[in-house]
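Student: okay, here's the prediction I keep looking at, along with the sequence it came from:
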Amino acid sequence: MGGYGQFCAVARALEVVGERWTLLIVRELLLGASSFSDIAHGLPRIPRATLSARLRALRAAGIIDDYQLTDAGTALAPVVRELARWAVATDSAALTEDDLDTAALTWDIRRRIDTGALPDRTVVLAIEFNDRTATDRNYWLHLSRTSVDLCRQDTGAPVDVWLTAPTAAATRWWLGHLSWAQLLRQPGVRVHGDRPLQRQMHRWFQRYVFTPEALGTAGPEPTDAAPRNAV
């Protein structure tokens, strides 16, 4: 990518981190990704060749070293946070149907489980996105206090709790636009299985790291409306 040819610090910074996917790769590393596979799971739509190229550029810029952020990379944390704050606080980057991705959503859920709130045995949670095709409809979370695993295939382990929901409703809950109680009242949402686990499961999820509450901003007014262009 050609440079901007400007002395401005903003222009020079964008020459390093302004290409598509670059700051999202930094976001993944800030959230704990430690391998090529981890980053690819968090960014399921990025071509592998593009990911390789962006990683090379970040290494050359001294932002990462062997999938670890350097001091220069860690210094981007407030930049990422303020971009999230801007998106939450304005309507300029509102959630749309094109933003809904069950693979990215379930991977984010996986890494934001509060293992200390889990029972003292392994729990299997099956998630069904009832508006999706078979290829991205079903996921299984195997949850314990020592590990959290996300599966795209049914391993045959007995399921303790099932959560069925439209993708938009589940995403809006994860983003902090709906409470757990509001999610359960959305059309097409159903939870069934072990009743004691159903009553406690809302405490297992720390939710999206950049919820309006976490950012200290009210964000868009909560609404029961679907994202723009939702079908």
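Tutor: Cool, got the structure.
Student: quick check: phi and psi at the spatially most central residue of the chain.
Tutor: With distances taken as C-alpha atoms, centre = their mean, the residue of the chain nearest its centroid is residue 108 (3.5 Å). Here is the backbone geometry of residue 108 (degrees, to the nearest 10): phi -70, psi -40.
Student: was I right about residue 117 contacting residue 202?
Tutor: No: using C-beta atoms under 8 Å, residue 117 makes no contact with residue 202, being 9.5 Å away. Placement of C-beta: from N, CA and C, glycine included.
Student: identify the residues contacting the residue nearest to the centre of the chain.
Tutor: Contacts for residue 108 (C-beta atoms under 8 Å, 6 or more residues apart in numbering) come out as 42, 174, 208.
Student: going along the chain, name the helices of the protein.
Tutor: Listed in chain order, the helices of the chain (DSSP state H) span 9-17, 22-30, 36-42, 48-60, 71-74, 77-89, 102-111, 167-175, 180-184, 195-200, 212-215.
Student: and the ones you listed as CSV, adding mean pLDDT and distance to residue 144?
Tutor: Listed next are the helices of the chain as CSV, based on pLDDT from 0 to 100; distance: least, C-beta to C-beta, whole Å:
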stretch, mean pLDDT, distance to residue 144
helix 9-17, 96, 37
helix 22-30, 98, 24
helix 36-42, 97, 20
helix 48-60, 98, 30
helix 71-74, 98, 30
helix 77-89, 96, 29
helix 102-111, 98, 13
helix 167-175, 98, 21
helix 180-184, 97, 22
helix 195-200, 97, 13
helix 212-215, 94, 25
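Student: number of nearby residues for the nearest residue to residue 80 once chain neighbours are set aside?
Tutor: Once flanking residues are discounted, residue 80 sits nearest to residue 27: 5.3 Å by C-beta to C-beta, 6 or more residues apart in numbering. Other residues within reach of residue 27, judged by other C-beta atoms under 10 Å, total 21.
Student: residue 27 and residue 62: what is the separation?
Tutor: Going from residue 27 to residue 62 by C-beta to C-beta, to the nearest Å gives 18 Å.
Student: tell me how far the residue nearest to residue 80 lies from residue 194.
Tutor: 35 Å.
Student: what's the answer for residue 28, then?
Tutor: For residue 28 relative to residue 194 (C-beta to C-beta), the value is 33 Å.
Student: re earlier: and the buried ones among the contacts of residue 108, selectable in ChimeraX?
Tutor: Per 16 or more other C-beta atoms under 10 Å, the buried members of the contacts of residue 108 correspond to this ChimeraX selection:
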select :42,174,208
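Student: so which of the contacts of residue 108 is the closest to residue 88?
Tutor: residue 208 (9.9 Å; C-beta to C-beta).
Student: tell me which residues touch that closest one, please.
Tutor: Each residue near residue 208 by C-beta under 8 Å, 6+ apart is listed here: 108, 112, 174-176, 214.
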